[in-house]
Structure formats: structure tokens, C-alpha cells
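# Have a look; sequence and predicted model below, questions after that.
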Amino acid sequence: MVEDRTFGGRLFSIVNFALLAVIALVTVLPFVHVVAGSFTTNAEIAAKKFILVPTVWSTEAYRFIFSTPTIFRAMAVSIGVTLVGTLFSMLITSLMAYGLSRRDLDGRGGLMFLVVFTMLFSGGMIPTFLVVKELGLIDTYAALILPSAITAFNMIILKNFFQNIPEGLEESAKIDGCHDFGILFRIVLPLSMPAIATISLFYAVTYWNTYMNAILYLNKSEMWPIQVLLRQIVVLASGMDYSSNLDSAVPPPEQSVKMAVIVVATLPILLVYPFLQKHFAKGAMLGSIKG
């Protein structure tokens, strides 16, 4: 019986490894194709369709994208909006999550109902636009941050994580004379780094991928974030009707530019993710255990 069980265990490990290897290849190969396609010529893309290693290496796509200083201004805008927006979102999300995690909070059930209600129903695009306009946020970077400053899903995950922290720690802090803000910033947040890292990554990806808000609220092209500008670059490379402040003198290679745009838009988040990955699964799982 022991030998049969050992053989079955080894067979399971082999099959499991093979299956995971296939899944990994299916996941990674498309991205490798995009990166390889961004470093090759249009002729090779048209001839081979699927490329893993370019026969002729070319940087024309990246030279076209970075041939104008507009791309660096847009990159700076996206980085600034992502950093400021993530910090602001984490601040107000932490404050609200901590308050709702307190079981002695009066009206806690009603407030949670209002939060969950926003997950099921929203005002829609037009009412949101009217609110942003009446607040005077059109053509301001605040329009990219305030409408999406807090997400009910992220707040609930953080609230549930806070509820897992032993109440004895807070009671001990109160005995030592610590007020509520002191408890939050000195005890609760330092003990919640896995959840903080997870929610921060969620917000950072949201702000970095800001596109629709920029299209709706920013009329000045010099204020565009990187996602909007990259879309305009793809339009230009496709030979469509186009008017912008791009003054590139490099001819656009259409297909490789599309792939290079994907790489430029994705690479910053990919560089940040490894530093938060170890907290990601733990934070998301612990925050979803209790309601």
C-alpha cells in the first residue's frame, strides 16, 4: 500500500507540474509575443503573425513613441496622479474602514448599508460629470483623483482586516492615554501592512490606468496622462484622422507601435508588483474572512 501511495503521489506531482507548466506558458507567451513584436519590423509581424524572438531587431516603435517630449510630460502626469491619488485614497479609506470596524460605533449598520448600496447602484456617467463640473474640477488633476478616491470593495476588505486585530491591543493603548488617531496610525496600520500593500496596489493600478476620467474631464492635451496619450499615438500610427501636439519626425511603424504602447503602459506596474506580491495574497485573503 505504501509503494502504491508513493507511486500515486509521484504521478500526481508529475501531472500537476505539467498542467501548471502549460498554464504558465499560456499566460506568459502572449506577453512575450507583445514584447518581441515591439522590437521587430512591421514586415516580420505581417509575415509571421506570432513572434517569440525577432529575426530582425528594431527599435523604431520606441523611437517613435519617445521622439517627442510630450510622452515624458504625460508619464510625469500619470506618476504624479498615481502617487498622490494612492496616498489620498489610502488615507480616507483607512479612516473610514477603521471607524466602521469599531463595533461600538453608533449607526454602524446603516453606514455599512449605504456603502454596500454603492456597490450595487451608482449615479452613472452623466450625473457624475455634472457633479464634477459644478464643483469646478474640469481641467484639473483633482478630477482624476476625487471621483474614484475611495472604492467600497477596498474599504470593506480593509475594514474586515482591522476587525481581525485583537481588541486588547486597542484597550491597552487607551489605558496608556492614546487617542483614536494614535491607535490607528501607531498600532492598527503598522499591524495591517499586508492589507495596506494590497489595497495600495489596487488603487495604484486604477490611477495608473486612468483613461475615461481623463477623456471626460480634461480638455487640455498637455494635461493628458500616459494612457490617453498612448491611445493617441496608436491612432496616429494607424493613419487615422488625428490632431494633437505630437511633433514626432519619426515615421510610425503601425503594428509594432501598438505592441510597444502595451509594454510602455504595463511595465511600470510590473516593476512595482514584485515588491508587493508577498503581501498581496495574504492581505486579500485575511481581509475577506470576516464580514
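In hand now; what should we look at?

# what's the span of stretch 52-64 from first residue to last?
Using CA to CA, to the nearest Å, one end of stretch 52-64 lies 22 Å from the other.

# pLDDT (mean, whole number) over it?
The pLDDT scores in stretch 52-64 average 84.

# Poorly predicted segments of the stretch 1-150 of the chain, please.
1-5 (pLDDT under 70).

# again, only using 50
Per-residue confidence for the stretch 1-150 of the chain (pLDDT under 50) gives these ranges: 1-4.

# Pull the contacting residues for the residue nearest the centre of the chain.
Centroid-nearest residue in the chain: Val205, 1.2 Å away (criterion: CA atoms, centre = their mean). By CB atoms under 8 Å, 6 or more residues apart in numbering, the contact set of Val205 is Ile269. The way it works is simple: take the backbone N, C-alpha and C, and place the C-beta from them, glycine included.

# So it versus Val35, what's the distance?
20 Å (CB to CB, to the nearest Å).

# before we move on, the earlier item: show the average pLDDT along the helix or strand containing the residue nearest to the centre of the chain.
Using DSSP states H and E, Val205 sits within helix 193-208. For helix 193-208, the mean pLDDT works out to 88.

# Can you show me the CA trace of it as PDB?
Coordinates of each C-alpha in helix 193-208 appear next as PDB, following Å, rounded to 0.1, in the frame of the first residue of the first chain:
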ATOM      1  CA  MET A 193       0.800  46.200   6.200                       C
ATOM      2  CA  PRO A 194      -0.300  43.100   4.100                       C
ATOM      3  CA  ALA A 195      -3.800  44.700   3.600                       C
ATOM      4  CA  ILE A 196      -2.300  48.200   3.200                       C
ATOM      5  CA  ALA A 197       0.000  46.900   0.500                       C
ATOM      6  CA  THR A 198      -2.800  45.000  -1.300                       C
ATOM      7  CA  ILE A 199      -5.200  47.900  -1.300                       C
ATOM      8  CA  SER A 200      -2.500  50.400  -2.300                       C
ATOM      9  CA  LEU A 201      -1.700  48.200  -5.300                       C
ATOM     10  CA  PHE A 202      -5.400  48.200  -6.300                       C
ATOM     11  CA  TYR A 203      -5.600  52.000  -6.100                       C
ATOM     12  CA  ALA A 204      -2.300  52.500  -7.900                       C
ATOM     13  CA  VAL A 205      -3.300  50.300 -10.800                       C
ATOM     14  CA  THR A 206      -6.600  52.200 -11.000                       C
ATOM     15  CA  TYR A 207      -4.900  55.600 -11.100                       C
ATOM     16  CA  TRP A 208      -2.200  54.500 -13.500                       C
END
